[in-house]
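My questions are about this predicted structure, shown below with the sequence.
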Amino acid sequence: MTIAPTVKFSMAFTISLVAVVCIICLAIWKHLRKNKLSKLPPGPPGLPIIGNILDMPSKMLFLKLDEWKNQYGEIVYYNLAGTKVVVLNSVKAATDILEKQSGVTSGRMRMVMASEIMGGDLFPLFIEYGTRWRRTRRASRQVFNANACQVFWPMQEHESEVLIRDLHADQSRLEDHLSRLTASVTWRLLYGGPPIGDPNDERVKLLQDFSAGMARAGELGTFIVDVFPFLKPLPTWMAGWKKQGVKFFEDNDAYFRRLFREGAKYKEEVSFVNYSLKIAERFGISHQELAWVTGAHFSAGEETTATVLFYFVQAMLLYPETCKKGQEEIDRVCGNRIPRFSDSDQLPYVGAMVKEVVRWRTPAPAGIPHAATQDFVYQSYVIPKGTVIVDNVWSISHDPSVFPNSDTYDPSRYLTSSGELRTSSDPADQVYVFGHGRWICPGKDIAMNSLFIDIAALLWAFDFARPVGSDGKECVPGNMDFVDKGLVVRPAPFGFNLKPRRDNLDDLLAQF
């Protein structure tokens, strides 16, 4: 009769002992974990719970990050209400972490609203690195690799001619002309069909609205569900933000599918749609995935290319000596005919001008963040799993150890002593606007081709002059004045005059 209470007491004692041991082990683990995580890089001090949220600017994030680089070094840590963020500010740090350790730094920060709700886990720029990402990436590389994209040269040459005609007729609408150009080039290489004649074309406007919506949603803290992901399962009638996001996905999914079907009708044209349909079954890619990949390429390429061309015009006003060198090279090779891609080997200085403008003023200066998929070590630091890794393209492209006098637009930095374009793997010969590691932009060759032919055409056709103010002095653009549009940062509006370099430009244009 006395056995049961003894057994009961023994069991209770055992359970209590196990609980105490577990608590002790948990405390030890947390202590060790805390010590391990204390090996984070230096950075600005934050407040309890919210961390550095109050330190973050609403605009021009890249300038704040560059300021912290000057204060804390090539790798900086800050905290956003529990989200750990590490910023890479040098070529070496970005290469060592995002290239050499790409196996553990190719993740993406979880974006519940932008990626999962508004993008339906289909928008390639935001989805997690994995099977879907790899198969859609393969499709993009098949079409946009350096050799394959040469099939688009005739179309890109034609669009550069249209740009010159437009500007010769009315240079006051520079923004419209550049927007039309890049929208038309991007549309034609993706969907095929005739050129886009109006920068306000409704089809393009819908895609631009999509890009703006995704850019806004991709900013950390815009939607509460990104701060508190456990809110995602809430029904739409309880969460207005979710209702809004679901509708955004449904509308754009239907639009992307319709554009994809319409693009497939141009069966005789070379386009991403037509080529991807040929490889879809082999790569196991659904038409819905291809429709979103195509829309994503438009989103990534249209505004960024136009922005770089804006910066180029600004650079010609600020550094007229470089403009003169480019024009002399073009005149020597092309004379009175507009440049072609076949001239590229004989235009190394123009090629260097293209590389230098995307280094000097990158269109997406804060880059696209990566995320650590597991703990990793860099130098004396331990970067924990889940940390957001910012590929700070602005600071990387202005790394003084690789690019001396980095604030100066100087194409000669990309030329050999004999005047040839530098193409080695040396860090000083690279441009970092397209990102690092496995997330490097698959359309980089297409983008550089467009910039080359458009910049060459502009140099061939026009002189770039500063306007004169009412005081009789030249109006010099402010080279650090920007307009923040989310992921893309453009130069602030500036005055300019484009003067035809040939008296018979109208006659020459009529021959094209």
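Done, it's in.

Give me the buried positions along stretch 317-337.
By 16 or more other C-beta atoms under 10 Å, the buried positions in stretch 317-337 come out as Leu317, Leu318, Tyr319, Thr322, Cys323, Lys325, Gly326, Gln327, Glu329, Ile330, Val333, Cys334. C-beta coordinates here come from the backbone N, C-alpha and C atoms, glycine included.

wait, the fourth one sits on Glu328?
Translated: Thr322. No: counting by C-beta atoms under 8 Å, Thr322 does not reach Glu328; the two are 10.9 Å apart.

picking that back up, cross the buried residues of stretch 317-337 against helices and list the overlap.
Per DSSP state H, helices hold the following members of the buried residues of stretch 317-337: Leu317, Leu318, Thr322, Cys323, Lys325, Gly326, Gln327, Glu329, Ile330, Val333, Cys334.

Name the next helix or strand downstream of the lowest-mean-pLDDT helix or strand in the chain, please.
For the chain, counting by mean pLDDT, DSSP states H and E, helix 3-37 ranks last in confidence among helices and strands (a mean of 45). Moving toward the C-terminus from helix 3-37, the next helix or strand (DSSP states H and E) is helix 61-72.

Might you list the low-confidence residue ranges for the stretch 201-350 of the chain?
220-221 (pLDDT under 70).

if you set the cut-off to 90 instead, what comes out?
Low-confidence segments of the stretch 201-350 of the chain (pLDDT under 90): 201, 203-205, 207-208, 211-229, 265-271, 275-285, 296-297, 299-303.

And the helices in it?
Assigned by DSSP state H, counting those that start in this stretch, the helices in the stretch 201-350 of the chain fall at 202-217, 224-227, 240-263, 272-283, 287-318, 320-334, 348-360.

For Ala264, state which of the buried residues of stretch 317-337 is nearest.
Taking C-beta to C-beta as the measure, Ala264 lies nearest Cys334 of the buried residues of stretch 317-337, at 37.7 Å.

contacting residues for the closest one?
Cys334 is in contact with Arg340, Asp343, Trp460, counting by C-beta atoms under 8 Å, 6 or more residues apart in numbering.

In this structure the second one contacts Arg332, no?
No: with contact defined as C-beta under 8 Å, Asp343 does not count as touching Arg332 (10.5 Å).

Next one: the nearest residue to Leu459 once chain neighbours are set aside from Ala352, what distance?
Spatially, and ignoring its direct neighbours in sequence, Leu459 is nearest to Gly326 (4.7 Å; C-beta to C-beta, 6 or more residues apart in numbering). Distance of Gly326 to Ala352, given as C-beta to C-beta, to the nearest Å: 9 Å.

Can you work out which residues contact both of the two?
Common neighbours of Gly326 and Ala352 (C-beta under 8 Å, 6+ apart) are Pro411.

Can you name the residues that contact Gly192?
With contacts defined as C-beta under 8 Å, 6+ apart, Gly192 is in contact with Gly263, Tyr266, Glu269, Val270, Ser271, Val273, Asn274.

count of residues packed around the first one?
Applying other C-beta atoms under 10 Å, we find 24 other residues in the vicinity of Gly263.

Kindly report the same for the fifth one.
Ser271 has 24 neighbours, counted by other C-beta under 10 Å.

Let me see the confidence value for Val388.
pLDDT for Val388: 93.

can you pull up the bridge partners for it?
Beta-bridge partners recorded for Val388 (DSSP bridges): Val85, Ala371.

distance of it from Asp209?
27 Å.

any idea how far Thr416 is from Pro404?
16 Å.

likewise Pro339?
30 Å.

Have a look at those two and say which one is more surrounded.
Neighbours were counted for Pro339 and for Pro404 using other C-beta under 10 Å; Pro339 has more, 26 against 11.

separation between the more buried one and Leu498?
According to C-beta to C-beta, Pro339 and Leu498 sit 17 Å apart.
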